[in-house]
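Trainee: predicted model and sequence below, questions to follow.
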Amino acid sequence: MVDVGAKAETARVARAQGHIRMAPATFALLKGGSAKKGDVLGIARIAAIQGAKRTSELIPLCHPLALTRIAAEFTLDARRHRVTLEVTAETVGRTGVEMEALTAVAAGLLTIYDMCKAADRGMIVEDIRLLEKQGGKSGHWLADTDRR
């Protein structure tokens with residue numbers, strides 16, 4: 001792992017996002033809360049939080065962090081039959097929380113896939129990316145939204 005001992009502790013925030021596309025019937029199951037495995041978005045929110053908390057166990061050489069906040073917000077797009085997950089991760093520490101936010105998005109979206117795969121194995125998890133990071137020596141970074 002990289003030595004971060006000499007770095008100053010600062011407030012750090014990262015936002016990440018990703019999407020999962022699915023068949024219209026699968027989207028209706030998820031939206032209506034009638035998936036066989038239960039409350040898909042509620043369980044996916046817990047999975048996202050758990051993913052953030054366990055990032056250092058999953059990503060080699062990633063520092064374990066004392067997270068101060070994880071927020072996982074879902075947006076349903078009925079026109080595209082798509083669910084968007086945006087995660088905000090926060091800490092006060094010597095290293096950033098980008099990996100925690102990204103891992104949380106992946107875990108949350110994969111949980112949606114797992115809970116709905118009996119209805120639709122063709123779901124597509126896509127566009128997992130960092131949207132913003134704040135704090136530390138490098139300061140504030142915001143994704144170029146024109147890349148898409």
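Mentor: Sure thing, it's come through.
Trainee: only C-alpha atoms for contact and neighbour calcs from this point on.
Mentor: Noted.
Trainee: contacts made by the longest helix along the chain with the rest, please.
Mentor: Across the chain, the longest stretch assigned as helix under DSSP state H is helix 98-116. Helix 98-116 is contacted by residues 13-20, 26, 30, 35-37, 40-41, 43-53, 55, 62, 85-89, 121, 123, 125, 128-130, 133 when judged by Cα atoms under 8 Å, 6 or more residues apart in numbering.
Trainee: next step: these restricted to helices.
Mentor: Per DSSP H, the subset of these in helices is 26, 30, 40-41, 43-53, 55.
Trainee: returning to what we had before: alpha carbons only: can I get the longest helix of the chain in PDB?
Mentor: Provided in PDB are the C-alpha atoms of helix 98-116 (Å, rounded to 0.1, in the frame of the first residue of the first chain):
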ATOM      1  CA  GLU A  98     -13.400   7.200  -4.800                       C
ATOM      2  CA  MET A  99     -12.900   3.500  -4.600                       C
ATOM      3  CA  GLU A 100     -15.500   3.100  -1.900                       C
ATOM      4  CA  ALA A 101     -18.100   5.100  -4.000                       C
ATOM      5  CA  LEU A 102     -17.300   3.000  -7.100                       C
ATOM      6  CA  THR A 103     -17.400  -0.300  -5.300                       C
ATOM      7  CA  ALA A 104     -20.700   0.600  -3.700                       C
ATOM      8  CA  VAL A 105     -22.200   1.400  -7.100                       C
ATOM      9  CA  ALA A 106     -21.000  -2.000  -8.500                       C
ATOM     10  CA  ALA A 107     -22.300  -3.900  -5.500                       C
ATOM     11  CA  GLY A 108     -25.700  -2.200  -5.600                       C
ATOM     12  CA  LEU A 109     -26.200  -2.800  -9.300                       C
ATOM     13  CA  LEU A 110     -25.000  -6.400  -9.100                       C
ATOM     14  CA  THR A 111     -27.500  -7.000  -6.400                       C
ATOM     15  CA  ILE A 112     -30.300  -5.700  -8.600                       C
ATOM     16  CA  TYR A 113     -29.000  -8.200 -11.300                       C
ATOM     17  CA  ASP A 114     -29.000 -11.000  -8.800                       C
ATOM     18  CA  MET A 115     -32.400 -10.300  -7.500                       C
ATOM     19  CA  CYS A 116     -34.000 -10.000 -10.900                       C
END
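Trainee: all set now, cheers.
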